[in-house]
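Undergrad: Turn this into a structure:
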Amino acid sequence: MIGKWQQSCGLEYEEVEQECKKVNNGFVGVANYNCPKQIIISGERVAVEKAMELLKEKGAKRAIELKTSGPFHTIKLKDASDKLRKELENVDIKYNDEIKVIKNIDAREYKKEDDIKDILAKHIISPVRFKETIDYMIENGVDTFVEIGPGKVLSGFVKKISRDVKVYNINDVSSLKETIEILKKEENDE
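TA: From the prediction side, this is the model:
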């Protein structure tokens, strides 16, 4: 099994899903729904290449290979998901209804009755629904996003999802201080 990810731009989610289902020479499926018209597919090399071919024929503006080490966020990582689930039995996870956490597998908040350990294990084999997660947060009043870490990939996705929100990126001490100052100023202006 060779895990390859490809990026397909310019098509709607349903179109990408349908084209992947047409591939019958190996496994390929959607791994990430990043932002409007950017979807990541993953699977076996031959199947991914065939899906890319179909997506281009369908009208994809772009389909490029992304260098990764495996078919992340697909059923092909079921063994890893099962092992994580088993390891999570040794972890005490407490639900706190004062802190809202959104699941990437369905873009909804964790609820007290959720089996958090099971859901965490499912994150390994389920497509990342980043766009839906951001949409849900915006619909529920979130208007400021802060990406912490190197690069600005997620910030870029958020900007493509909505131009009506504020997006900040923290990747070093300087940008941390700058962001804190901006957020303090905005809070005082309100």
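Undergrad: can I have the biggest helix by length in the chain written out in PDB, keeping just the CAs?
TA: Longest helix in the chain by number of residues, with DSSP state H as the criterion: helix 173-189. What follows is helix 173-189, C-alpha atoms only, in PDB (Å, rounded to 0.1, in the frame of the first residue of the first chain):
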ATOM      1  CA  VAL A 173       7.400  35.200  19.900                       C
ATOM      2  CA  SER A 174       7.100  38.300  17.900                       C
ATOM      3  CA  SER A 175       3.900  37.300  16.100                       C
ATOM      4  CA  LEU A 176       2.500  36.200  19.500                       C
ATOM      5  CA  LYS A 177       3.100  39.600  21.000                       C
ATOM      6  CA  GLU A 178       1.800  41.400  18.000                       C
ATOM      7  CA  THR A 179      -1.400  39.300  17.900                       C
ATOM      8  CA  ILE A 180      -2.000  39.800  21.700                       C
ATOM      9  CA  GLU A 181      -1.700  43.600  21.200                       C
ATOM     10  CA  ILE A 182      -4.100  43.600  18.200                       C
ATOM     11  CA  LEU A 183      -6.600  41.500  20.100                       C
ATOM     12  CA  LYS A 184      -6.400  43.700  23.200                       C
ATOM     13  CA  LYS A 185      -6.900  46.800  21.100                       C
ATOM     14  CA  GLU A 186      -9.900  45.300  19.400                       C
ATOM     15  CA  GLU A 187     -11.400  44.300  22.700                       C
ATOM     16  CA  ASN A 188     -10.900  47.800  24.100                       C
ATOM     17  CA  ASP A 189     -12.500  49.300  20.900                       C
END
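Undergrad: after the longest strand along the chain comes which helix or strand?
TA: For the chain, the strand that runs over the most residues, judged by DSSP state E, is strand 28-35. Counting by DSSP states H and E, the next helix or strand C-terminal to strand 28-35 is strand 38-43.
Undergrad: Now D143: closest residue in space, sequence neighbours ignored.
TA: In space, and not counting its chain neighbours, D143 is closest to V165: 5.2 Å by CB to CB, 6 or more residues apart in numbering. Placement of C-beta: from N, CA and C, glycine included.
Undergrad: What about the one you found, how many residues nearby?
TA: 15 (other CB atoms under 10 Å).
Undergrad: Phi and psi next, for it.
TA: Backbone torsions for V165, taken as degrees, to the nearest 10, come to phi -110, psi 160.
Undergrad: and L154, helix, strand or coil?
TA: Under DSSP: H, G, I helix; E, B strand; the rest coil, L154 falls in the helix class.
Undergrad: quick one, what contacts it?
TA: Residues in contact with L154 (CB atoms under 8 Å, 6 or more residues apart in numbering) are F130, E147.
Undergrad: what's the distance between it and D118?
TA: To D118, L154 is 26 Å away according to CB to CB, to the nearest Å.
Undergrad: hang on, the earlier thing: show the pLDDT at the residue nearest to D143.
TA: With respect to pLDDT, V165 scores 97.
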